[in-house]
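>>> my questions concern the predicted model and sequence given below.
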Amino acid sequence: MDQPRYQGFDLDAETALALLDWQREMGADLPLLDTPVDRFELPVRVAPMAPAAAAPAPAARPDDGTADADARLAEAEALAAGAESLAALAEAQEGFDGIELKRGARRFCFADGDPRARLLILGEAPGDEEDRQGRPFVGRAGQLLDRMFGAIGLARDAVDAERAFYVTNVLAWRPPGNRDPSPEEIALSLPFVRRHVELAAPDLIVLMGNIACQAAIGQRGILRLRGGWVEAFGRPALPMTHPAYLLRNPAAKRDAWADLLALQARLEG
């Protein structure tokens, strides 16, 4: 590159910049060349056209997870409907990955007792001991449940199906910290529960606690519901207070005993 010239003298870059700074400090605000420029003789420069503004992209719809939840529910319904036996249902439900609880639980808890029994007890969800053993109602609440139904002559391990009961839960996986299941978790479990009842075909159902009532009849408030017969999954059902509640509130055992007697009368009648 040629060196700049100033009043006929060749200048190095450093000197040229120093002179430019000096001129700016002296108030010069318009650069001039050594010779005048006739701007009418300069070729006309056409300003480049600005590119057309792109059409604004459509606003992205917020992903609220609805589509994914619907897909998981549809999968649960298809798996449950395709099960032709309790063993097939257990396999389908255990293999269903659409419920997050499965990732944090130890064991899958399907059912216990005699599936030929006339009475099906529907609980809420596995606790810590159930999570360890993979069977519903085996902790302290389960031991109380066995004593309660033993008082009216029923047992989960009875040889005679007429004197047996069958027990399962709304959820087959333990919620962390024994928290209440969320509405979504109940909804995803409900197709399997409904099919479970269809395949076991009990004469009567006991809805043990609020979560069982919420899943089966869409209502909560077990202290108001207990003792009154309702219909669940097309069968007579009796809401009862959960044994875990009775352990915390022993005074409520009197009402539970009245419910057991009503159940016994219904079974024998």
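That came through, no problem. Numbers count the residues shown, from 1 in each chain.

>>> contacts, neighbours, all on C-alpha from now
Will do.

>>> now do the helices in the stretch 1-150 of the chain.
Assigned helices in the stretch 1-150 of the chain, in chain order: 13-25, 66-81, 86-95, 101-104, 128-133, 140-150 (criterion: DSSP state H, counting those that start in this stretch).

>>> and those: which comes nearest R156?
Of all the helices of the stretch 1-150 of the chain, it is helix 140-150 that lies closest to R156, at 7.6 Å by C-alpha to C-alpha.

>>> what are the buried residues along the closest one?
For helix 140-150, a neighbour-count test (16 or more other C-alpha atoms under 10 Å) marks A141, G142, L144, L145, D146, M148, F149 as buried.

>>> ok so, going back, confidence-wise, which of the helices of the stretch 1-150 of the chain is weakest overall?
Lowest mean pLDDT within these: helix 13-25, a mean of 68.

>>> re the thing from before, let's have the helices of the stretch 1-150 of the chain in a markdown table, adding distance to L260.
What follows is the helices of the stretch 1-150 of the chain, written out as a markdown table (distance: least, C-alpha to C-alpha, whole Å):
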| stretch | distance to L260 |
| --- | --- |
| helix 13-25 | 102 |
| helix 66-81 | 31 |
| helix 86-95 | 27 |
| helix 101-104 | 33 |
| helix 128-133 | 24 |
| helix 140-150 | 7 |
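
>>> closest one to A215 among those?
With C-alpha to C-alpha as the yardstick, what comes closest out of those is helix 66-81 (14.7 Å).

>>> list the buried residues for stretch 222-238?
Applying 16+ other C-alpha under 10 Å to stretch 222-238 flags I222, L225, R226, G227, V230, A232, A237, L238 as buried.

>>> same check on stretch 119-131?
Using 16+ other C-alpha under 10 Å as the test for burial, stretch 119-131 gives 119-131.

>>> ok, so of these, who is nearest Y166?
L120 (4.8 Å).

>>> what separation do you get for the closest one and L188?
According to C-alpha to C-alpha, to the nearest Å, L120 and L188 sit 21 Å apart.

>>> wait, what's in contact with K253?
L246 (C-alpha atoms under 8 Å, 6 or more residues apart in numbering).

>>> secondary structure element holding it?
Under the criterion of DSSP states H and E, K253 resides in helix 253-268.

>>> ok, which stretches of the protein are strands?
5-6, 9-10, 111-113, 119-123, 165-169, 204-208, 230-232, 235-240 (DSSP state E).

>>> A87: how many residues sit nearby?
11 (other C-alpha atoms under 10 Å).

>>> the one 5 residues further on too?
A92 is flanked by 19 other residues according to other C-alpha under 10 Å.

>>> over to the one 3 residues further on?
G95 is flanked by 12 other residues according to other C-alpha under 10 Å.

>>> cool, and L86?
Residues near L86, counting by other C-alpha under 10 Å: 18.

>>> list the residues that contact it.
If a contact means C-alpha under 8 Å, 6+ apart, then L86 has H196, L199, A200 as its contacts.

>>> out of those, which is most surrounded?
H196 (21 neighbours).

>>> buried sites along the helix holding K253?
K253, D255, A256, W257, D259, L260, A262, L263, Q264.

>>> by how many degrees do it and helix 140-150 diverge?
50 degrees (axes from the mean of the first three to the mean of the last three C-alpha atoms, to 10 degrees).

>>> centre of the chain to helix 253-268, how far?
With C-alpha atoms, centre = their mean, to the nearest Å as the basis, the distance from the averaged C-alpha position of helix 253-268 to the chain average is 36 Å.

>>> equivalent analysis for stretch 204-220, please.
Centroid displacement of stretch 204-220 relative to its chain, using C-alpha atoms, centre = their mean, is 20 Å.

>>> going forward, count from 52.
Let's use 52 as the start, then, which means that last one is stretch 255-271.

>>> before I go, just wanted to say thanks for your time.
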